[in-house]
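Asks: pasting the sequence and the predicted model now:
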Amino acid sequence: MPPEDAGARLDRFLVRELALPVELVRRLISAGRVRVRGKICAVHRRLFGGEVIEVTRPRLRSEPGGGPSLRVLYDDEDCLVVMKPAGLPVEPARPGSPCVLSAASRIGRFDVAGRALPGLPHRLDRDTSGCLLLARHDRALAALRGAFEQGEVEKLYLALVAGEPALEAGFDTPYGRDPACPRRFTTRVSSRRRARLAYRMIEQRGGLALLEVHLLTGRTHQARVQLAEAGLPVLGDCVYGTPSGLIARQALHAVRLAFRAPSGGLVRVEAEPPADFAAALERFRAGG
C-alpha cells in the first residue's frame, strides 16, 4: 500500500482500492483471507503505510443460469449491454426463477461481490424492453454506477402515450413513494429527491403520441410516473398508465444507451424495438 495511506482503516482501504462491497471485505478479513505483513488481522486495523497486503479471494459462487438466451449488443472485458426482453425481470422474483442476471451469467465470465453473476449499475422494469448495461467485475460496477449517479450516461426511451403532448417539454419534480400505496411512486409528495426527464414528440395520431424520452435521473418507475402525472399515461401500463388494444404491456422501450466504458472508450448502443412494440407502432401509424 502507498505510504500516503498511513492511518487508513484496513476495511475502508480495501473497499476503495478493490471496489468491493464493504460487507464482502469484512467477511474476507474475518475469515482470515486478508493478511498484512503476512499476519491475519482485525477488520478495524489501522495501516502504517508501506505494508504488503495479501487478499485471497474464495472460489466464485456459481449459480444456475436460467432464462432465455439474450442478444448481446455490446461486449468488452469490463461490461456488456444486452437486449432485455419484456416480461423478464432483471433479478429473480424468487430463488431460482428466470431473470436477466441468471440468463446473462452464461455470457462469458463475471466476478461481482464473489459471485459469478453480472453487476447491475442500473435496472429496467420487468415489462420494459431494451438496452441493459451489466458489469463483469467489481471495479467496472463501481465505475459505471458512478457514471449513472453523475448523470454521465445517456438513456433514451421510446414511449407510446395517450394525450396531447407539447412538441417538447421537460419535468423536474420531487419524487418518492406514494403515501397511500407504498408500492407505487409519485411526484405529488414532499421530497428532497428529484426526478428529471425531457421528451420530444415524434408522431401524434388520434389522441395518441410517440415520444422520445431522455431520462436525466434514474428513479424507480420514473418515466411511467412522470408522464402519467403530466396527463400522458404510457399505453399498456396497468399501474400508472392506461389499457390499450395496441400492446399487452407497457409501451416503453430503452432504445439507446451512451456511456464511457471503464476502459475509457465512448460506447453508443441502440436496440431496435421488439416485435410487440414494432407491431404497436404499425397499428398506431395506421390509426388503429
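Replies: Nice, I can see it.
Asks: how about the helix or strand hosting residue 139: buried residues?
Replies: Element membership for residue 139 (DSSP states H and E) is helix 138-149. Neighbour-count burial for helix 138-149 flags 138-145, 147-148 (criterion: 16 or more other C-beta atoms under 10 Å). Every residue, glycine included, has its C-beta placed from N, CA and C.
Asks: need the residue closest to the centroid of the chain.
Replies: Geometric centre of the chain, nearest residue: residue 122, 1.2 Å, by C-alpha atoms, centre = their mean.
Asks: from what I see, that one and residue 135 are in contact.
Replies: No. Counting by C-beta atoms under 8 Å, residue 122 does not reach residue 135; the two are 10.2 Å apart.
Asks: and the strands in the stretch 101-250 of the chain?
Replies: For the stretch 101-250 of the chain, strands defined by DSSP state E, counting those that start in this stretch occupy the ranges 129-135, 154-162, 168-174, 176-178, 181-186, 194-205, 208-215.
Asks: of all those strands, which one is nearest residue 265?
Replies: Ranking the strands of the stretch 101-250 of the chain by proximity to residue 265 (C-beta to C-beta) places strand 129-135 first, at 14.1 Å.
Asks: give me the buried positions along that closest one.
Replies: Of all the residues in strand 129-135, those buried under the rule 16+ other C-beta under 10 Å are 129-135.
Asks: got the angle between it and helix 138-149?
Replies: Interaxial angle of strand 129-135 relative to helix 138-149 (axes from the mean of the first three to the mean of the last three C-alpha atoms, to 10 degrees): 130 degrees.
Asks: what about strand 129-135, distance to the chain center?
Replies: 7 Å (C-alpha atoms, centre = their mean, to the nearest Å).
Asks: who touches it?
Replies: With contacts defined as C-beta atoms under 8 Å, 6 or more residues apart in numbering, strand 129-135 is touched by 73, 78-86, 90, 100, 104, 112, 118-124, 141, 144, 153, 157, 252-257, 259, 269-271, 273-274, 277.
Asks: okay, the angle between it and strand 154-162?
Replies: Angle between the axes of strand 129-135 and strand 154-162 is 150 degrees (criterion: the same axes, to 10 degrees).
Asks: could I get the average pLDDT for strand 129-135?
Replies: Mean pLDDT, strand 129-135: 98.
Asks: just the C-alpha atoms of it, please, in PDB.
Replies: Coordinates of each C-alpha in strand 129-135 appear next as PDB, following Å, rounded to 0.1, in the frame of the first residue of the first chain:
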ATOM      1  CA  SER A 129     -37.600  -3.800 -23.100                       C
ATOM      2  CA  GLY A 130     -34.300  -2.600 -24.500                       C
ATOM      3  CA  CYS A 131     -30.700  -1.800 -23.600                       C
ATOM      4  CA  LEU A 132     -29.500  -3.000 -20.200                       C
ATOM      5  CA  LEU A 133     -25.900  -2.400 -19.100                       C
ATOM      6  CA  LEU A 134     -24.200  -5.100 -17.000                       C
ATOM      7  CA  ALA A 135     -20.800  -5.100 -15.300                       C
END
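Asks: of the contacts of strand 129-135, buried ones?
Replies: 73, 78-86, 90, 100, 104, 112, 118-124, 141, 144, 153, 157, 252-257, 259, 269, 271, 273-274, 277.
Asks: tell me where the model's unsure across the stretch 51-200 of the chain.
Replies: Scanning the stretch 51-200 of the chain for pLDDT under 70 picks out 58-66.
Asks: domain assignment for the chain?
Replies: Per automatic domain parsing, the structural domains of the chain span 3-55, 71-149, 154-285.
Asks: can you add distance to residue 47 and give the strands of the stretch 101-250 of the chain back as a markdown table?
Replies: Compiled in a markdown table, the strands of the stretch 101-250 of the chain are given as follows (distance: least, C-beta to C-beta, whole Å):
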| stretch | distance to residue 47 |
| --- | --- |
| strand 129-135 | 28 |
| strand 154-162 | 40 |
| strand 168-174 | 43 |
| strand 176-178 | 40 |
| strand 181-186 | 43 |
| strand 194-205 | 39 |
| strand 208-215 | 41 |
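Asks: quick one: which of the ones you listed is nearest residue 237?
Replies: Comparing those by C-beta to C-beta, strand 154-162 comes nearest, at 9.3 Å.
Asks: rewinding a little: so which of the buried residues of helix 138-149 comes closest to residue 162?
Replies: Among these, residue 148 lies closest to residue 162 (C-beta to C-beta), at 29.7 Å.
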